[in-house]
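Participant: Could you work out the structure for the sequence below:
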Amino acid sequence: MPRQVMWLQPTSPFRSVDNIRVVMRMLIEKQADSVIACKAIERDLTALFKLNPAGYMQAIDSNKQTQTRRQDIDALLTPNGALYLAQTEMLLRRNSFYGDKTLPLVMNAVQSLDIDNEEDWAIAEAFIKQGLV
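Facilitator: From the prediction side, this is the model:
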């Protein structure tokens, strides 16, 4: 049985070989359960909203005043789908790539592009035309 399992989604074409090397090194050196590629969200939970039952915007975190200056907040992270790496034993035990000791590999916007529709494809083509990849 392999010691680690990596999931590389084909809709994330701009991850690099170096990204793969880095996550392998992170997993081993930090003795982590997993490493998941992420992108930063330059927003605070007070500036992310959902619709309430009446259809009005409601902050996800309404316990404090809405933060609108990104310089005043700690960025949130969200998985970007580019790669998931986990210790096989933990993956089988939890049936998830998310362990108690999960590290992020924060990737930039270009590397984080996930192609799910025609608009994403057009963005990918623009990145290539601009020489960003």
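
Participant: If you count neighbours, what's buried in stretch 96-106?
Facilitator: Neighbour-count burial for stretch 96-106 flags 97, 99, 102-105 (criterion: 16 or more other Cβ atoms under 10 Å). Yep, even glycine has a C-beta here, placed from its N, CA and C like the rest.

Participant: Next: stretch 77-86.
Facilitator: For stretch 77-86, by 16+ other Cβ under 10 Å, it's 79-86.

Participant: pLDDT, secondary structure and distance to L92 added to those residues, as a markdown table?
Facilitator: Shown next, in a markdown table, are the buried residues of stretch 77-86 (pLDDT from 0 to 100; DSSP: H, G, I helix; E, B strand; the rest coil; distance: Cβ to Cβ, whole Å):
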| residue | pLDDT | secondary structure | distance to L92 |
| --- | --- | --- | --- |
| P79 | 96 | strand | 20 |
| N80 | 96 | strand | 24 |
| G81 | 94 | strand | 22 |
| A82 | 96 | strand | 23 |
| L83 | 97 | strand | 19 |
| Y84 | 98 | strand | 14 |
| L85 | 98 | strand | 15 |
| A86 | 98 | strand | 9 |
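
Participant: returning to what we had before: can you pick out the ones from the buried residues of stretch 96-106 that are in helices?
Facilitator: Among the buried residues of stretch 96-106, no member is found in helices (DSSP state H).
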